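S.K.: mind folding the following:
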Amino acid sequence: MAMNMQFLMKQAQKIQNDITKAQKQLEEKEYEGTAGGGAIVVKAKGNYHVEAVTKDRFVFKEIKNSVINTYEETMRNENSVAIHVRAGDYLSPQYINQYGNICTLDYYRNSIDYMKSNIET
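M.R.: Numbering: from 1, shown residues only. Below you'll find the predicted structure:
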């Protein structure tokens, strides 16, 4: 029985050493994650220490298109207003009460009417 206990203790020690070795290897390993199509890069080690965060300025690639160029020129030379329609999340049943039922069709109509009466064309 003593022989079996001694063997088990050696096995337990070996397993503990293997775990310690694996933990050190994981801690030294570097990981990289990206977001925004690579605009943000985070490098971290296995010990949860963030080594670096790189934020590149997001730039749209240039599009050579006569229709788009015409719109761009018009927007540069005149007062322009853009509308971002948020119907998917704000009008979802779980958010209507939380956000106060905002971004409704009437909200957008009133906003457009306001812009028409307050922005010079």
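S.K.: and S111, what element?
M.R.: Here S111 sits within helix 105-118, counting by DSSP states H and E.
S.K.: repeat for Y31
M.R.: Using DSSP H and E, Y31 maps to strand 30-35.
S.K.: tell me the mean pLDDT over that strand?
M.R.: For strand 30-35, mean pLDDT rounds to 87.
S.K.: partners of it in the sheet?
M.R.: Next to strand 30-35 in the sheet, as set by DSSP bridges, lie strand 40-45 (antiparallel).
S.K.: by residue count, tell me the biggest helix in the protein.
M.R.: Selection of the longest helix in the chain by residue count, based on DSSP state H, yields helix 2-28.
S.K.: distance of the residue nearest the centre of the chain from K45?
M.R.: Closest residue to the average C-alpha location of the chain: A35 at 5.5 Å, with C-alpha atoms, centre = their mean. With distances taken as C-beta to C-beta, to the nearest Å, A35 is found 19 Å from K45. Quick note: C-beta positions are derived from backbone N, CA and C, even for glycine.
S.K.: do the same with E27
M.R.: For E27, the distance to K45 - C-beta to C-beta - is 6 Å.
S.K.: can you give the distance of stretch 14-22 from its chain's centre?
M.R.: Relative to the chain's own centre, stretch 14-22 is displaced by 36 Å; criterion: C-alpha atoms, centre = their mean, to the nearest Å.
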